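**Q** Just need the structure, nothing else, for what follows:
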Amino acid sequence: MIAARYHDATKHHFNQFARSLGYLDWATQPDPFRRYEGATVRELPRPSASPAPVPYSSIYSFDVPPQPVTEQSIGEFLRCSMGLSAWKQFGQSRWALRVNPSSGNLHPTEAWILHDGRTWHYAPREHVLEERCVLDTRPWKDHFFVALTSLVWREAWKYGERAFRYCQHDTGHALGALRFAAAMLGWRMFILPHWSDAQLATVLGLDRDIDFGGAEREEPECIAAVCRDPGSGMRDPRFEPDALVQGARGGVWFGRANQLSPHRIEWPVIDEVSIATRYPGHPAESKPSTVNSIGAPTPGSRNARDVILQRRSALAFDPSGWLRRDTFISMLQRLRPPAPPWDLIDWPPHVHLALFVHRVQDVTPGVYAYLRDDAVLEEWRASMRAEFLWEAVSAGLWLLVPIDAGRLANRLSCDQDIAEDGFFSLGMIARFDEPLRTRGEWFYRRLFWECGLIGQALYLEAEAAGARATGIGCYYDEPVHEALGLTGHTWQSLYHFSMGLPIDDTRLTTEPGYSWEAGRS
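**A** Okay, here's the model as predicted:
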């Protein structure tokens with residue numbers, strides 16, 4: 001199985017990291033912004049005042065009145081999911097931060113909108129849409145599509161062969177960012193399982209001849225429907241691909257993609273796994289998750305938009321910070337279906353958490369398991385170390401061993417203090433062999449998307465609680481499994497994460513993501 005071979009080949013070990021260039025070649029650093037020269041540019045409306053506030057807790061509860069689907073609301077949807085959150089500067093260096101997080105702030109993920117029968121590429125630096133093709137002439141009143149693609153070279157430039165993993169993490173984070181922005185506008189959103197990657201590539205123009213391919217190839221990831229009607233579902237005939245694919249094949253295309261780098265390094269193993277994990281489409285009816293939600297509203301009345309736009313990835317934590325127990329438990333409960341973002345996907349939880357709890361009030365420091373589906377309890381107990389306690393703490397949360405887990409978390413996460421100095425850190429452990437064998441290798445990507453969705457929910461929970469979080473893509477794979485007693489490929493660690501009280505770098509200056517937002521209340 002190509003996906004499993006790739007996964008094993010890109011593991012970090014105590015004495016050896018996954019293959020990469022080994023240094024940063026600044027002469028070939030990819031352009032972080034894709035543009036299409038010659039495409040018609042449509043500026044998205046800029047609100048003259050801040051939109052009406054939506055309580056943060058409401059984005060989980062389906063009680064926000066749906067906004068009309070207009071250019072202005074689509075602009076707000078993109079601004080609060082894939083737009084710029086700030087500009088940072090140190091000395092002569094200036095760089096953008098985005099609402100959706102990314103490994104190394106490299107941002108391989110591109111967003112596309114299909115609306116009113118046209119394919120549009122979103123350009124976040126200018127907050128504009130670029131018209132690529134007219135697919136259909138029918139007006140679309142109450143729905144549109146959003147699609148995601150990956151420019152893997154942006155990650156491979158720094159991370160080499162492991163970059164494909166990180167692109168999938170980032171797709172999951174972007175999906176979460178999009179789903180929460182849709183919820184803030186009262187919209188439903190769900191990935192469409194009957195679209196193949198080949199169909200998506202055709203509608204986005206990714207399969208057309210371009211001046212440069214290879215490492216700069218743009219990889220299709222997924223397409224989702226966004227709609228006002230709460231009764232719409234994945235099988236709505238409006239969401240079928242055939243007419244749009246036909247329109248793309250016969251349409252006139254506009255624009256030429258900008259070149260990201262003058263020179264590139266090819267990583268054949270990434271090409272191989274990209275091809276092996278492309279989604280063929282699934283005409284059969286998918287089965288949504290049946291796990292019951294046990295989530296509780298986060299205390300307080302934070303504005304959802306403020307929380308979403310203030311999200312940042314922490315660079316360091318103050319080890320004197322503590323998290324309240326009830327906030328910690330509430331955060332974990334957000335990670336269970338079916339509330340957003342979990343209504344976005346059509347598979348039950350495959351990813352569960354191994355937690356290293358350091359500083360949570362009235363919670364014993366130690367190693368814990370958090371099960372996002374209670375049905376997996378006996379299977380996990382049988383898979384892990386026999387000496388673990390499995391002492392129930394709250395719904396889904398089990399104490400495995402009471403110890404000071406700080407140094408262990410640090411060591412397993414590539415010797416990074418950020419895994420030790422926060423309130424807690426965690427590893428996301430995915431059911432691996434079974435879904436790849438029964439569903440297909442394409443599900444390898446979706447396991448990482450699920451991890452990214454978990455991470456995005458925790459990012460917002462951290463901001464809402466006045467804390468900060470960060471994803472950790474660098475960890476020692478097999479030592480994580482050994483620490484938990486996991487053997488074989490039944491379960492695999494796919495992502496690490498940490499949360500704590502941030503230490504801000506006062507050397508950096510900060511400006512708004514868009515100059516036209518400066519000074520707005």
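
**Q** Show the pLDDT at the residue nearest the centre of the chain.
**A** Within the chain, the residue whose C-alpha comes closest to the C-alpha centroid is His173; the distance, by CA atoms, centre = their mean, is 1.3 Å. Model confidence at His173, expressed as pLDDT, equals 98.

**Q** doesn't Ser103 make contact with it?
**A** No - between His173 and Ser103 no contact is recorded; they are 9.3 Å apart, counting by CB atoms under 8 Å. No exception for glycine: its C-beta is placed from N, CA and C like everyone else's.

**Q** Find residues that contact each of these two.
**A** Between them, His173 and Ser103 share the neighbouring residues Gly471, with contact defined by CB atoms under 8 Å, 6 or more residues apart in numbering.

**Q** quick revisit: run through the residues that contact the nearest residue to the residue nearest to the centre of the chain once chain neighbours are set aside.
**A** Of all residues not flanking His173 in the chain, Gly452 sits nearest, at 4.2 Å (CB to CB, 6 or more residues apart in numbering). For Gly452, the contacting residues are 168-176, 495, by CB under 8 Å, 6+ apart.

**Q** these two touch, right, Ile403 and His358?
**A** No - taking CB under 8 Å as the contact criterion, Ile403 and His358 are not neighbours in contact, 10.8 Å apart.

**Q** Now do the shared contacts for the two.
**A** With contacts defined as CB under 8 Å, 6+ apart, the residues adjacent to both Ile403 and His358 are Pro365.

**Q** neighbour-wise, which of these two wins?
**A** Each of Ile403 and His358 has its neighbours counted (other CB atoms under 10 Å); His358 has more, 26 against 13.

**Q** if we can go back for a sec, tell me the confidence at the residue nearest to His173?
**A** Per-residue confidence for Gly452 comes out at a pLDDT of 98.

**Q** any idea whether it is helix, strand or coil?
**A** In the three-state summary, Gly452 is assigned as helix, counting by DSSP: H, G, I helix; E, B strand; the rest coil.

**Q** Please report how far it lies from Ala386.
**A** Going from Gly452 to Ala386 by CB to CB, to the nearest Å gives 33 Å.

**Q** can you check Phe77 too?
**A** Applying CB to CB, one obtains 49 Å for the distance of Phe77 from Ala386.

**Q** Could you check which of these two has the larger neighbour count?
**A** Between Phe77 and Ala386, counted using other CB under 10 Å, Phe77 has the larger neighbour count: 26 against 7.

**Q** what's the neighbour count on the residue nearest to the more buried one when sequence neighbours are not counted?
**A** The spatial neighbour of Phe77 that comes closest, neighbours along the chain excluded (CB to CB, 6+ apart), is Ala181 at 5.1 Å. For Ala181, the neighbour count with other CB under 10 Å is 27.

**Q** I'd say Ala181 and Ile308 touch.
**A** Yes - the pair formed by Ala181 and Ile308 meets the contact definition of CB under 8 Å, at 6.7 Å.

**Q** Give me the common contacts of those two.
**A** If you check Ala181 and Ile308 against CB under 8 Å, 6+ apart, the residues they both contact are 80-81.

**Q** mind listing the helices for the stretch 301-450 of the chain?
**A** Listed from the start of the chain, the stretch 301-450 of the chain has helices (DSSP state H, counting those that start in this stretch) covering 304-310, 325-333, 377-383, 406-412, 433-438, 443-464.

**Q** Go ahead and list the helix or strand containing Arg132.
**A** Using DSSP states H and E, Arg132 maps to strand 128-134.

**Q** Could you list the low-confidence segments of the stretch 151-300 of the chain?
**A** Counting by pLDDT under 70, the stretch 151-300 of the chain has low-confidence residues at 209-215, 283-300.

**Q** 50 instead, please
**A** Under the criterion of pLDDT under 50, the regions of the stretch 151-300 of the chain flagged as low confidence span 211-213, 284-299.

**Q** quick check, distance from stretch 468-488 to the centre of its chain.
**A** When C-alpha coordinates are averaged (CA atoms, centre = their mean, to the nearest Å), stretch 468-488 and its chain have centres 19 Å apart.

**Q** Hmm, I typed the wrong one, I wanted stretch 136-143.
**A** Using CA atoms, centre = their mean, we find the averaged C-alpha position of stretch 136-143 to lie 28 Å away from the chain's own average C-alpha position.

**Q** Quick check: end-to-end length of it?
**A** In terms of CA to CA, to the nearest Å, the two terminal residues of stretch 136-143 are separated by 14 Å.

**Q** With stretch 33-46 instead?
**A** Stretch 33-46 has an end-to-end distance of 21 Å (criterion: CA to CA).

**Q** So what touches it?
**A** When contacts are defined by CB under 8 Å, 6+ apart, stretch 33-46 is touched by residues 71-72, 74-75, 78-79, 110, 120-121, 123-132, 151, 218, 254-258, 260, 514, 516.

**Q** change it to 6 Å
**A** Contacts of stretch 33-46 with the rest of the structure, by CB atoms under 6 Å, 6 or more residues apart in numbering, involve 71-72, 75, 110, 121, 123, 125, 127-132, 254-258, 516.

**Q** Now that stretch: buried residues?
**A** Using 16 or more other CB atoms under 10 Å as the test for burial, stretch 33-46 gives 34-36, 39, 44.

**Q** ok, now stretch 433-448?
**A** Applying a neighbour-count criterion of 16+ other CB under 10 Å, one finds 435-436, 440-448 buried in stretch 433-448.

**Q** what about that stretch, average pLDDT?
**A** Stretch 433-448 comes out at a mean pLDDT of 97.

**Q** which SS class is Ala225?
**A** Following three-state DSSP, we place Ala225 in the strand state.

**Q** quick revisit: tell me which residues touch the residue nearest to the centre of the chain, please.
**A** Contact criterion CB under 6 Å, 6+ apart gives 100-101, 452, 455-456 as the residues in contact with His173.

**Q** farthest-separated two in these?
**A** In the contacts of His173, two members sit farther apart than any others by CB to CB. They are Asn100 and Gly455, at 10.8 Å.

**Q** Run the chain-centre distance for stretch 158-165.
**A** On CA atoms, centre = their mean, the centre of stretch 158-165 falls 16 Å from that of its chain.

**Q** and the buried residues of stretch 433-448, which two are the farthest apart?
**A** Gly440 and Phe448 (15.1 Å).

**Q** Which strand or helix spans Ala243?
**A** Under the criterion DSSP H and E, the helix or strand holding Ala243 is helix 242-250.

**Q** Could you pull out the buried residues of that helix?
**A** Applying a neighbour-count criterion of 16+ other CB under 10 Å, one finds 244-245, 247-248 buried in helix 242-250.

**Q** From Ala3, how far out is Asp271?
**A** If you go by CB to CB, the gap between Asp271 and Ala3 works out to 13 Å.

**Q** between these two, which one's more packed in?
**A** The residue with the greater number of neighbours, taking Asp271 and Ala3 and applying other CB under 10 Å, is Ala3; the counts read 21 against 16.

**Q** Quick check, pLDDT for that one.
**A** Reading off the model, Ala3 has pLDDT 97.

**Q** need the contact list for the nearest residue to it once chain neighbours are set aside.
**A** Here the nearest residue to Ala3 in space, its sequence neighbours aside, is Tyr444; by CB to CB, 6+ apart that works out to 3.9 Å. With contact set as CB under 6 Å, 6+ apart, Tyr444 has these partners: 3, 277, 436.

**Q** As a markdown table, those residues with distance to Leu24 would be great.
**A** Conversion of the contacts of Tyr444 to a markdown table gives the following (distance: CB to CB, whole Å):
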| residue | distance to Leu24 |
| --- | --- |
| Ala3 | 28 |
| Thr277 | 27 |
| Leu436 | 33 |
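
**Q** number of nearby residues for Leu24?
**A** Burial of Leu24 is recorded as 12 neighbouring residues (other CB under 10 Å).

**Q** With Arg179 instead?
**A** Burial measure for Arg179: 29 neighbouring residues, criterion other CB under 10 Å.

**Q** If you drop the residues flanking it in sequence, what lies closest to it?
**A** Leaving aside its sequence neighbours, Arg179 sits nearest to Pro341 (CB to CB, 6+ apart; 3.9 Å).
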